[in-house]
Every structure is written in structure tokens, then in C-alpha cells.
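>>> got a predicted structure here, sequence first:
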Amino acid sequence: MVADQPFAINIEHMGFGYPDNTNVSFADLNLQVAKGTRFGLFGPNGAGKTTLMNLMTGVLTANEGSIKLLGHEAGGQNKDVNKLFGFVPQDFSFYHELSPAENLEFFGAWAGLNKEEINSRTDELLNILGLADVRNKPVQKFSGGMKRRVNLAIGVIHNPPVLFLDEPTVGVDVQTRQAIISYLHKLNQGGTTLIYTSHQLNEAEDLCDYIAMIDEGRIITHGPIGEVLKEHNHHSLEDLFINLTGKAYRN
């Protein structure tokens, strides 16, 4: 990690376009996310949220400009840089036939943890996320909420300083949603930067302290959530979202 680096994410003059030119593209995009922030990224379907998340995590490579993660260029096969972040995708990203403990052992080793670290983190996470009693049962038999918690545990197994979250509570009950959001707050209080996207705007108001809304590949507003709402004279993110992006259906 670069010493005294104030930004978890620093995007400067970033340009990106898909080869077929039919999907969202970015031109001269600039965005900074301070370390320790609970940052929310919002926009309608097709606005570019997933593309931008993939660029920040190095799944995609920008055509121009730069994207830095804690001072290091994102992307490529640099394992040291990749260890700086965790990713909790919307789609389940684990082996369904394995148990939570077996999944965490696999992904912990993949992240470079030794056996002792894996065992310690597995016990800690399964207890925190209410999965200790099912640690050795196949995940394929779990409810949707339990699978979400396994997904989250895998994303944080290596204690990353930056955590990307793509719809981390989609399809779960109220109790599971509250438990996950509470845990994310605790992670943030411990210094983890959260970069979160969701369509659950009420949830976002409870979690995020800084937001950016994007549409058609450009940032249409950003800043501390209270200041953004005050600037646009709205009392909720949902009202602001509709006002800035319209009521028309998005595919």
C-alpha cells in the first residue's frame, strides 16, 4: 500500500468502451473515494454500474486514463494488488457442493492465507454470520439468505482493506438484511472501505455516507449523502433517483 494514500479509489480521466460500441461507455471520468468511506454507486439498469465496478476491480481494463486502488494501478495479474480488495458479487460465487468451511478453506488459500489463518478466520466468520452450526453441510441445501452470508464470508476471508459489494442483500429476508448491514458497519468501523451498489435505496441510506449516481456512463451527482439530498431538495434517495434518472422503464 502506498504510504499516506488518502484514496481507496482514484479514477482520473478514465475512458472505456466495449468493442461493439453498443453498450455503455465512459469518457474522461473522474472519481475519488476516500479511505474509510461507505460509498454507494447507483443508477438505473444499463447506466454502467457493473461496468464501472468491473473496471475498479480489474476485471475490465480502461482504454485511457487511470484507475488506482490504494495508490496502485488496478487490473492485470498483480497478486499483491488483488489482495487489497474483496468482492461480493450479486451472483453466488462459491462451490455449491462444498460446505461453508470447505469453501472458505479454498478461497482463503487462493487469497494467500496459511492454514492457521484460514482456520482462525473461518471460525470467526462462521460465528459472526450465524453459520457455525452448518459449517460442514453442503451449501446447495442452504436458504438464499444463508448463501448470501457464505458469499460475504468468502469476500472478506483475507481481511481486505477495500470491499466491493454488488447487491449483497438481494433476495434475503429482513432479519438477514439487517444482520448483513450491521456487519458491514462493523467492518467499516474497523477501517474497511465499502464500495456498494444496490437497487435497495432505503438500505443504501442506512449504509452509505457518500454516494454517486451514474447514468449513460457519466456521473450525474455525487457527494456526502446529506449534502446531495439537500442540494437537490429531496428527502430520500429514491425520490432523488427518480428525479435525476426519470420514470421510464430501463432494460
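Looks like it arrived, so ask away.
>>> low-confidence ranges, this structure, go.
1-5, 21-23, 76-77, 247-251 (pLDDT under 70).
>>> where exactly do the strands run in it?
Using DSSP state E, the strands found in the chain span residues 7-16, 26-34, 38-42, 64-69, 72-73, 85-88, 162-166, 193-197, 210-215, 218-224.
>>> want to throw those strands into JSON lines with distance to Gly130?
In short, each C-beta sits where N, CA and C put it, glycine included. Compiled in JSON lines, the strands of the chain are given as follows (distance: least, Cβ to Cβ, whole Å):
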{"stretch": "strand 7-16", "distance to Gly130": "28"}
{"stretch": "strand 26-34", "distance to Gly130": "30"}
{"stretch": "strand 38-42", "distance to Gly130": "22"}
{"stretch": "strand 64-69", "distance to Gly130": "31"}
{"stretch": "strand 72-73", "distance to Gly130": "35"}
{"stretch": "strand 85-88", "distance to Gly130": "17"}
{"stretch": "strand 162-166", "distance to Gly130": "18"}
{"stretch": "strand 193-197", "distance to Gly130": "20"}
{"stretch": "strand 210-215", "distance to Gly130": "29"}
{"stretch": "strand 218-224", "distance to Gly130": "33"}
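>>> quick one: contacts for Leu152?
Val88, Leu129, Pro168, Ile180, Tyr183 (Cβ atoms under 8 Å, 6 or more residues apart in numbering).
>>> nearest to Met14 among the residues you listed?
Val88 (23.2 Å; Cβ to Cβ).
>>> run a quick neighbour tally on the closest one.
21 (other Cβ atoms under 10 Å).
>>> just the contacts of Leu152 now: which is nearest Ser120?
Leu129 (15.0 Å).
>>> domain ranges for the chain?
1-84+160-251, 93-159 (automatic domain parsing).
>>> make CSV out of the contacts of Leu152 and add distance to Asn119.
Conversion of the contacts of Leu152 to CSV gives the following (distance: Cβ to Cβ, whole Å):
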residue, distance to Asn119
Val88, 22
Leu129, 16
Pro168, 25
Ile180, 24
Tyr183, 20
